[in-house]
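Engineer: Quick one: sequence plus predicted model below, questions after.
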Amino acid sequence: MLAQQVVGIFLVGAGTFFVSVAGLGVLRLPDVYMRLHASTKAGTLGVALNAAGLAVFYPDLGIFTRASALVLFLLLTAPVAAHMIGRASYFAREEMGIAVWDGTVVDHMLDHRGEALFSARTGEDDPRSPGAAS
């Protein structure tokens, strides 16, 4: 077996391990924020390792270009998507029935009085907006 094939198989195996850990984290972690963290971090790393293993195992310019584009796309979109999903789940906790884990110690979205720093209301409902009636 060539060294190139060994490296490719190792990268695909490591990527499969990280994707499995991400799936296990989504199943086992207690709240939506920890699940989101597990799925984005370990999932992105796993897919990137799988793509790298594929590019090493099959040394072709087209496969390398597609694998690089896939990894770049994941690195650009996964953090933004995770941030937006986390923010939406935080502000719509009551409507969606999402509970924060009981072991959570600090909530950085609250001020020192325990009130939300950022309002989920926008537009005409917000009394601080410029066009709101006084």
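Structural biologist: Okay, I see it.
Engineer: buried ones in the helix or strand harbouring Ala22?
Structural biologist: Taking DSSP states H and E as the definition, one finds Ala22 inside helix 3-28. For helix 3-28, burial by neighbour count (16 or more other C-beta atoms under 10 Å) applies to 8, 11-12, 14-15, 18-19, 21-22, 25. C-beta coordinates here come from the backbone N, C-alpha and C atoms, glycine included.
Engineer: can you check stretch 85-98 too?
Structural biologist: The neighbour-count criterion (16+ other C-beta under 10 Å) identifies 89-91 as the buried residues of stretch 85-98.
Engineer: next one: stretch 64-82
Structural biologist: For stretch 64-82, a neighbour-count test (16+ other C-beta under 10 Å) marks 64, 67, 70-71, 74, 78, 82 as buried.
Engineer: about what we covered before: nearest to Val32 among the buried residues of stretch 85-98?
Structural biologist: Ranked by distance to Val32 (C-beta to C-beta), those are led by Ser89 at 5.0 Å.
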